[in-house]
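# below is the sequence, then the predicted model.
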Amino acid sequence: MTVNCVWEHNGNDTLLHAVDYIGAYSRGENLDTAITKMPKEVVSYLNWFGGCVDDNIQIAIIGEKNSALNIRDADSDILFESEKEPLTAEEYDRLKALVLKSAKDFLALYESVPDKSVTTAPERKTFYGQVPRSANEMYEHTKSVNEYYFAEIDVEANNDGDFMNVASMGLKRLKQSRIIFRTLLLKAATEKTGRLEKSSGVLFGTTEFMQRLCIEWQ
């Protein structure tokens, strides 16, 4: 099984994105480290998503992005070619189901943590402020970017309610905005549309980074 990946880097600092499994990625201080991590990430993604897992996973680098962003903190500027294509109604429904499943699972993981304020991680400042260290801080941080990502495609959303609520309401308002929704499904996709597809995978906890944090909280 070959997993096609795009290599995004700032110097040696690396984010490796799985093209066919949007939301699956690995990172490291260099490309070799990220490649080593990727097979486990893909297995974890497929186990979560319900896909067929192959024991022999090979990584193929099919694209490269030299980024000026601080990607060591997971800031990303990648846009896949597939994300520039218009979405069909079937593709939108599939992505919507993925977003809602991810939101539901992330909320369940958070609620299962006995003491949500406990942390052993050191303080560290990133481009967006202090890095979240406890389960509660990670939950609030992840929920707080909901409004920002929907605003990228001109949809008014908010961060009110629990994790499932912010995801569901954002998608509901997307569909209510008929011009935007019709553009998303029927017309040539813009860069903002591509960001929606990726943020659907990353924002609501399908990534190796989010899964690893949830396991550590447990």
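That came in fine, so what should we check first?
# mind showing which ranges of the chain have poor pLDDT?
74, 178-218 (pLDDT under 70).
# what ranges does it have for its helices?
Taking DSSP state H as the criterion, the chain contains helices spanning 31-49, 89-112, 135-144, 146-151, 163-176, 178-186, 191-202, 208-217.
# can I get these in a markdown table including distance to residue 21 and mean neighbour count?
For glycine as for every other residue, the C-beta is placed from the backbone atoms N, C-alpha and C. Putting those into a markdown table (distance: least, Cβ to Cβ, whole Å; neighbours: other Cβ atoms under 10 Å) gives the following:
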| stretch | distance to residue 21 | mean neighbour count |
| --- | --- | --- |
| helix 31-49 | 5 | 18 |
| helix 89-112 | 11 | 16 |
| helix 135-144 | 20 | 19 |
| helix 146-151 | 19 | 18 |
| helix 163-176 | 20 | 18 |
| helix 178-186 | 21 | 14 |
| helix 191-202 | 8 | 20 |
| helix 208-217 | 11 | 17 |
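# out of these, which comes closest to residue 79?
For residue 79, the closest of the helices of the chain is helix 191-202, at 4.7 Å, according to Cβ to Cβ.
# now distance to residue 66 too, for the helices of the chain, in TSV please.
Shown next, in TSV, are the helices of the chain (distance: least, Cβ to Cβ, whole Å):
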stretch	distance to residue 66
helix 31-49	12
helix 89-112	28
helix 135-144	28
helix 146-151	24
helix 163-176	32
helix 178-186	29
helix 191-202	18
helix 208-217	22
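# so which of those is nearest residue 126?
Nearest to residue 126, of all these, is helix 135-144, at 10.4 Å by Cβ to Cβ.
# which helices and strands does that closest one pack with?
helix 89-112, helix 163-176, helix 208-217 (3 or more Cβ pairs under 8 Å, 6 or more residues apart in numbering; DSSP states H and E).
# next, the angle from that helix to helix 89-112.
Counting by axes from the mean of the first three to the mean of the last three Cα atoms, to 10 degrees, helix 135-144 lies at 160 degrees to helix 89-112.
# centre of the chain to helix 135-144, how far?
Relative to its chain's centre, helix 135-144 lies at 14 Å (Cα atoms, centre = their mean, to the nearest Å).
# and if you look at stretch 32-40?
17 Å.
# put the alpha carbons of that stretch into PDB.
The C-alpha coordinates for stretch 32-40 follow below in PDB (Å, rounded to 0.1, in the frame of the first residue of the first chain):
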ATOM      1  CA  ASP A  32      12.900  11.300   7.800                       C
ATOM      2  CA  THR A  33      11.300  11.600  11.200                       C
ATOM      3  CA  ALA A  34       7.900  12.500   9.700                       C
ATOM      4  CA  ILE A  35       8.100   9.600   7.200                       C
ATOM      5  CA  THR A  36       8.800   7.200  10.000                       C
ATOM      6  CA  LYS A  37       5.700   8.400  11.900                       C
ATOM      7  CA  MET A  38       3.300   8.400   8.900                       C
ATOM      8  CA  PRO A  39       2.500   4.600   8.600                       C
ATOM      9  CA  LYS A  40       1.300   4.500  12.200                       C
END
